[in-house]
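>>> Build me a model from this:
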Amino acid sequence: MIELCGIAIRKRPRADMQPLERCHISPQRGLEGDFRGKPGKRQLTLLSLQSWQQVCAELNQDIPWWIRRANLLVSGVEFGAHDVGKTLCFGDVVVQITRETDPCKRMDEAVSGLRTALEPSWRGGVCCRVITGGDAVIGQRIEWLTR
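Numbering: from 1, shown residues only. Take a look at the predicted model:
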């Protein structure tokens, strides 16, 4: 089972991430209140909890997931190139995976070695386009519409 474990937004570039319990997602704005929400291939980002745990183990640190600067943390899945173009559904929300989220130099500003630890096996997560909007709530079940 895939589950939504975390939600976070940032209001402007380089701002700290703000964890949330719930949010509204739309094709026009992405995550309500997040600065990246404009339509396109990177409206929101998903990070796998299992991949994040691998990163933390490699760095021998317990790092809050939002340091990765992803919008949604999900458990029960690890992403890869085979997922590009596939769609996920949670509640009324439908998102399409468009590409890998490439770790940037900001990762090493947050934690030394983080960028390198995120690079293998799509550990940095995936970028998504919002197809259908709705509310996202921590604990929601997520399902593949196309697999």
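>>> Residue 29 and residue 37 touch, don't they?
Yes. Using CB atoms under 8 Å, residue 29 makes contact with residue 37 at a distance of 4.2 Å. Every residue, glycine included, has its C-beta placed from N, CA and C.
>>> Which of these two has more residues huddled nearby?
Legend: neighbour count by other CB atoms under 10 Å for residue 29 and residue 37, higher for residue 37 (21 against 17).
>>> so how far is residue 19 from that one?
Distance from residue 37 to residue 19, counting by CB to CB, to the nearest Å: 17 Å.
>>> Stretch 71-86: which residues count as buried?
71-75, 77, 79, 83 (16 or more other CB atoms under 10 Å).
>>> Inside helices: which ones of those?
Cross-referencing these against helices under DSSP state H gives no overlap.
>>> Let's have the residues you listed in CSV, adding distance to residue 129 and pLDDT.
Formatted as CSV, the buried residues of stretch 71-86 follow (distance: CB to CB, whole Å; pLDDT from 0 to 100):
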residue, distance to residue 129, pLDDT
71, 13, 97
72, 14, 98
73, 19, 98
74, 16, 98
75, 22, 98
77, 18, 97
79, 15, 98
83, 13, 98
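>>> of all those residues, which comes closest to residue 114?
Set against residue 114, the nearest of the buried residues of stretch 71-86 by CB to CB is residue 73 (15.7 Å).
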